[in-house]
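S.K.: have a look at this prediction, sequence included:
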Amino acid sequence: MLKRPLLSIPTSALTAAVAVASFSLSAQVAANETLTLYTSQPNSDAQQTVDAFEAAYPDIEVEWVRDGTTRLMTRLRSELSAGVSNPDVLLIADSMTMESLKQEGHLQPYLSDERQAYDADLYDPEGYYYGTKLITTGIVYNTGAEHQPQSWQDLLGPDYEGLVTMPSPLYSGAALIHMAAITANPDLGMAYYEALHENRTEAQGGNGGVFNAVAAGTKPYGIVVDFLPIREAAKGSPVEFVFPEEGVSAVTEPVAIMQGAENVEAAQKFVDFVLSQQGQELVSQQGYLPAHNDVTPPEGFPERNSITLMPVDTEQALAQEEELKQRFSDLFGG
């Protein structure tokens, strides 16, 4: 039987073919670069953030895990204690959590050029984490209520006795930041929470329960994060949000890069993106107050320069966390 000879390929051609194949494989790997994100954003917000980033950086694929900050940190700390660091980048609710991770050596610094557009108190000076939005805590009232409070002090008056509800810092990071800001304010202090207790203010678990109680009229007044009543009022809910005269506290949903990040370059691009004009316009479209000074707030929010932010010393607040929680529990129960 005659056999056809094998096709003879010159050595130079074979070398070139192997080189082309190797280049194609390298290009394919580069095009499938993976970034792992842990976030406490609501699912829809997280998906929009990831989609926008991937559209801006089509060579990077984002794998993301979403849960509440407390549960997410429990998972992360469990992984770290086992010697594993899965996420490259974090996007979570509050700066106190980030500060604790920084102090424990779990974050790495990155001085993003985008920080120039931000107030200095919205990011860590060494670049360990950056605030990406302002979720303020103020006053909400039912539009059928008898009074329209305009200050924190108003809620202590006899007309509000037993009619105010608020979230608990035992469950809510925003409520913990708020308590730190109020107690650090020389005109309010811990005496303010003691006066709330005396006026029979009710503590609920989280902000959602507070908003629902006020919207339903079960409690006509509440202390709550801004976006819930502002969003729902636009849909017809009978609520009004107030930025109190003394100022508001704010959680900033900071972003940070893990010390053990496998894809540092992609993580830096993610940080730059969420801080960029484009990333901050997405924040506004999602209904939050952007941290970027030049991005227009969403409908229903006042201009940034009209909002007074109460300062919070994050390191001090972290050091006082257990003391604040214990005092709250003593006053309002667990």
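M.R.: Arrived safely, thanks for sending. Residues are numbered from 1 along each chain as shown.
S.K.: enumerate every residue touching the closest residue to Asp124 other than its chain neighbours.
M.R.: Excluding the flanking residues, the one nearest Asp124 by CB to CB, 6 or more residues apart in numbering is Lys102, at 6.9 Å. From N, CA and C alone the C-beta is placed, and that goes for glycine too. With CB atoms under 8 Å, 6 or more residues apart in numbering as the criterion, the residues that contact Lys102 are 124, 128-129, 256.
S.K.: avg pLDDT for the helix or strand where Lys102 lies?
M.R.: Assigned by DSSP states H and E, Lys102 belongs to helix 95-103. The average pLDDT within helix 95-103 is 95.
S.K.: give me the buried positions along that helix.
M.R.: 95-102 (16 or more other CB atoms under 10 Å).
S.K.: same check, this time on stretch 250-265
M.R.: The neighbour-count check on stretch 250-265 (16+ other CB under 10 Å) flags 250-261, 263-264 as buried.
S.K.: of the residues you listed, which is the nearest to Glu299?
M.R.: Nearest to Glu299 among the buried residues of stretch 250-265: Ala250, at 19.3 Å, using CB to CB.
S.K.: from what I can see the closest one touches Ile135, true?
M.R.: Yes - the criterion here is CB atoms under 8 Å, and Ala250 meets it with Ile135 at 6.2 Å.
S.K.: look up phi and psi at the residue nearest to Asn142 when sequence neighbours are not counted.
M.R.: Nearest non-adjacent residue to Asn142, counting by CB to CB, 6+ apart: Pro220, 4.6 Å away. The phi/psi pair for Pro220 (degrees, to the nearest 10) reads phi -70, psi -20.
S.K.: what does the one 10 residues further on give?
M.R.: When quoted as degrees, to the nearest 10, the phi and psi of Ile230 stand at phi -70, psi -40.
S.K.: list the contacts of it.
M.R.: 241, 287, 298, 300-301.
S.K.: Ser78 sits in which helix or strand?
M.R.: helix 69-81.
S.K.: next, the angle from that helix to helix 95-103.
M.R.: Here helix 69-81 runs at an angle of 10 degrees relative to helix 95-103 (axes from the mean of the first three to the mean of the last three CA atoms, to 10 degrees).
S.K.: domain assignment for the chain?
M.R.: The chain breaks down by the TED database into domains covering 33-132+252-301, 135-250+313-332.
S.K.: host element of Glu323?
M.R.: If you go by DSSP H and E, Glu323 is part of helix 321-332.
S.K.: pull out the buried residues from that helix.
M.R.: By neighbour count on 16+ other CB under 10 Å, the buried set for helix 321-332 is 321, 324-325, 327-328, 332.
S.K.: dump those residues to CSV, plus distance to Ala203 and pLDDT.
M.R.: Compiled in CSV, the buried residues of helix 321-332 are given as follows (distance: CB to CB, whole Å; pLDDT from 0 to 100):
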residue, distance to Ala203, pLDDT
Glu321, 17, 95
Leu324, 13, 97
Lys325, 12, 96
Arg327, 12, 98
Phe328, 8, 98
Phe332, 4, 97
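S.K.: where does the stretch 101-250 of the chain have low pLDDT?
M.R.: Within the stretch 101-250 of the chain, the set of residues satisfying pLDDT under 70 is empty.
S.K.: show me the helices in it, by range?
M.R.: Assigned by DSSP state H, counting those that start in this stretch, the helices in the stretch 101-250 of the chain fall at 173-184, 189-198, 207-216, 227-234.
S.K.: average pLDDT for stretch 74-83?
M.R.: Mean predicted lDDT for stretch 74-83 stands at 94.
S.K.: OK, contacts around Thr133?
M.R.: Residue 133: Lys, not Thr. Here Lys133 is in contact with 252-253, 283, 288-291 (CB under 8 Å, 6+ apart).
S.K.: then Glu114?
M.R.: Contacts of Glu114 (CB under 8 Å, 6+ apart): 271-272, 275-276.
S.K.: tell me how many other residues surround the nearest residue to it once chain neighbours are set aside.
M.R.: Distances taken as CB to CB, 6+ apart place Leu275 nearest to Glu114, at 3.7 Å, with adjacent residues excluded. The number of residues packed near Leu275 is 25, by other CB atoms under 10 Å.
S.K.: about what we covered before: output the contacting helices and strands for the helix holding Ser78.
M.R.: When contacts are defined as 3 or more CB pairs under 8 Å, 6 or more residues apart in numbering; DSSP states H and E, helix 69-81 packs onto strand 33-39, strand 60-66.
S.K.: can you do 7 Å?
M.R.: In this structure, helix 69-81 packs against no helix or strand, with contacts taken as 3 or more CB pairs under 7 Å, 6 or more residues apart in numbering; DSSP states H and E.
S.K.: next structured bit after that helix?
M.R.: strand 89-91.
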